[in-house]
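**Q** Provided below for reference: sequence and predicted model.
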Amino acid sequence: MPEITPQPSYVVWASLFASEWLLLAEGRGDYESLFSQGLALHRVVGGHPAKEIAAVHFKNCSSDSEDLVRDPAGEFEKLAMRAEIIMNGDKLDPALQEFAFNVVELCASTADGFGHPKKGNAGDRIRALYGRLPF
C-alpha cells in the first residue's frame, strides 16, 4: 500500500484559504488562482488562521479583479529593486517597509473621495491591495 505523504503546513494553509474564499464567493472563483494567492499571503500572514485572512481578503477584493494577490511587501521589494535601492533577492528593512506603507496610506487618503457608493472608493481599494492587514 502506498504511503501518504503529509503536505507542508503552508500548502494546507493556502488550500484552506482558497476553499474558504470560494465558500464566501459562493463558488465564483478560480481555486488554482486563489491557492497561488494563498501561498503568497502565507509568507506575510501565515501565522493567522487562513479562514480569517480569506474573509478579510474577500471583503477587500472584488471577485472580478485580476489583481487579488495580497503581497504588498513583495511589490515594495520589486519597486525598490527597480529603483536600485536594494539588490535582487534582498528584503526591505523595517524602516523602508514602514515608509512604503506610509506612502500607500498617503495615496489612499488622496483617493478616498473617488469611487462608487456601492462598490467603495479608490482609497479603500489601494489599502486592500497594498496596505497593512488589520492584524
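**A** All right, it came through fine. Just so we're clear, the structure is a prediction, and the values are computed from it rather than from any experiment.

**Q** and the helix or strand hosting Ala54, what does it pack onto?
**A** Assessed by DSSP states H and E, Ala54 sits inside helix 50-60. Applying 3 or more C-beta pairs under 8 Å, 6 or more residues apart in numbering; DSSP states H and E, one finds that helix 50-60 makes contact with helix 9-24, helix 31-45, helix 122-130. Glycine gets a C-beta too; all of them are placed from N, C-alpha and C.

**Q** relative to helix 31-45, how tilted is the next helix or strand after that helix?
**A** Later in the chain than helix 50-60, the nearest helix or strand by DSSP H and E is helix 72-82. Calculated by axes from the mean of the first three to the mean of the last three C-alpha atoms, to 10 degrees, helix 72-82 forms an angle of 80 degrees with helix 31-45.

**Q** And the next helix-or-strand element following helix 72-82, what does it pack against?
**A** Beyond helix 72-82 on the C-terminal side, the first helix or strand identified by DSSP H and E is helix 94-111. If you count contacts as 3+ C-beta pairs under 8 Å, 6+ apart, helix 94-111 packs onto helix 72-82, helix 122-130.
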